[in-house]
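Novice: take a look and give me a structure for this.
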Amino acid sequence: MDIMPILRAIVMLWTALLGRNAESRYLARFSLLDRIAKRLGFRLYNRNLYWLLDRDMMDVWRQFAPHAPHITDRKYILFSMACATSHLPGDTAECGVFDGGSSFLMCVANADKSGDFRHHVFDSFEGLSAPDVVDYPDDVTAYKWHKHDLSVPLSQVQANLNRFSFVEYYKGWIPDRFEEVAGRSFSFVHIDVDLYQPTYDSIAFFYERLVPGGILLCDDYGSTICPGAKKAFDEFIADKPEKSVIHLTTGQGFIIKQA
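Specialist: Numbering: from 1, shown residues only. Now for the predicted structure:
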């Protein structure tokens with residue numbers, strides 16, 4: 001029997017608890033947890049990162065979720081992109097809003113925008129439409145969507161965003177109400193509708209109305225639970241000047257509109 005792995009684990013545990021300084025204890029705890037996570041099929045990668053210590057961002061998020069212990073990496077990316085595009089002309093939009101958390105961050109980032117600025121919210125407020133075959137994941141550990149999953153009523157979202165006077169709500173199945181904003185331009189669009197067809201329809205509509213330098217962000221692009229979302233974005237962008245989607249390790253994917 002090879003006892004070396006056992007001895008290494010004992011040394012690591014001792015260092016994690018009684019190491020010579022805070023740095024060595026921190027690194028040992030991270031390594032120990034990372035090894036356990038890998039045995040269970042997961043990975044840890046958030047270590048020594050500034051965004052985890054961003055108190056200003058946490059203060060913003062707790063205005064929406066007062067009891068949240070932390071902000072997720074995807075929400076942090078979204079807020080950063082919303083802030084980075086807030087100087088551009090045009091509105092913002094979100095397709096698939098759930099409880100309004102992402103729209104809240106988009107509104108905070110653009111709250112001081114001048115002119116006739118609007119944030120447009122598109123959702124059935126009845127959950128997902130019926131998934132198609134392309135939306136069924138190959139990953140046996142992945143959740144399989146059902147019609148009406150993720151349903152949050154319009155009244156709850158309106159209550160969560162009631163501090164912002166520039167929010168417009170469009171209740172209906174995507175893309176039924178898109179034409180109501182056909183004459184608007186957009187600096188930042190967030191798409192979080194999980195399934196192939198509404199993802200494709202959202203990208204196809206808003207891409208043409210995105211200003212140069214504007215960002216189109218898909219929350220589900222890299223998720224094995226949402227294979228249809230990746231297929232939709234890849235298919236649409238293949239013959240466009242941007243050529244391909246920038247895939248983030250958070251599972252999000254985005255493009256920056258070319259001039």
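
Novice: measure stretch 228-246 end to end?
Specialist: For stretch 228-246, the first and last residues are 17 Å from each other (Cα to Cα, to the nearest Å).

Novice: list the buried ones in it?
Specialist: 228-233, 236-237, 245 (16 or more other Cβ atoms under 10 Å). Glycine gets a C-beta too; all of them are placed from N, C-alpha and C.

Novice: just those now: which is nearest Phe164?
Specialist: Ala229 (27.0 Å; Cβ to Cβ).

Novice: out of the buried residues of stretch 228-246, which are inside helices?
Specialist: 228-233, 236-237 (DSSP state H).

Novice: make TSV out of the buried residues of stretch 228-246 and add distance to Trp51.
Specialist: Formatted as TSV, these follow (distance: Cβ to Cβ, whole Å):
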residue	distance to Trp51
Gly228	29
Ala229	24
Lys230	25
Lys231	30
Ala232	28
Phe233	25
Phe236	30
Ile237	27
Val245	22
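
Novice: tell me the secondary structure at Asp56.
Specialist: Classification of Asp56 using DSSP: H, G, I helix; E, B strand; the rest coil returns helix.

Novice: if you could redo that for Val189, that was the one I meant.
Specialist: Using three-state DSSP, the structure places Val189 in strand.

Novice: identify the bridge partners of it.
Specialist: As for beta bridges, Val189 partners with Ala93, Leu216 under DSSP bridges.

Novice: tell me if Arg32 really is in a strand.
Specialist: One thing to correct before we go on: residue 32 is Leu, not Arg. No: using three-state DSSP, the assignment for Leu32 is helix, not a strand.

Novice: for Pro227, which non-adjacent residue is closest in space?
Specialist: The shortest distance from Pro227 to any non-neighbouring residue, by Cβ to Cβ, 6 or more residues apart in numbering, is to Pro137 (5.5 Å).

Novice: number of residues surrounding the one you found?
Specialist: 16 (other Cβ atoms under 10 Å).

Novice: that one: which element?
Specialist: Assigned by DSSP states H and E, Pro137 belongs to no helix or strand.

Novice: what pLDDT does it get?
Specialist: If you check Pro137, the pLDDT there is 92.

Novice: so Leu52: helix, strand or coil?
Specialist: helix.

Novice: can you get me a residue count around the closest residue in space to it that isn't next to it in sequence?
Specialist: Spatially, and ignoring its direct neighbours in sequence, Leu52 is nearest to Asn46 (6.2 Å; Cβ to Cβ, 6+ apart). Asn46 has 10 neighbours, counted by other Cβ under 10 Å.

Novice: and the gap between Asn46 and Glu208?
Specialist: To Glu208, Asn46 is 37 Å away according to Cβ to Cβ, to the nearest Å.

Novice: equivalent analysis for Arg118, please.
Specialist: Distance from Arg118 to Glu208, by Cβ to Cβ: 18 Å.
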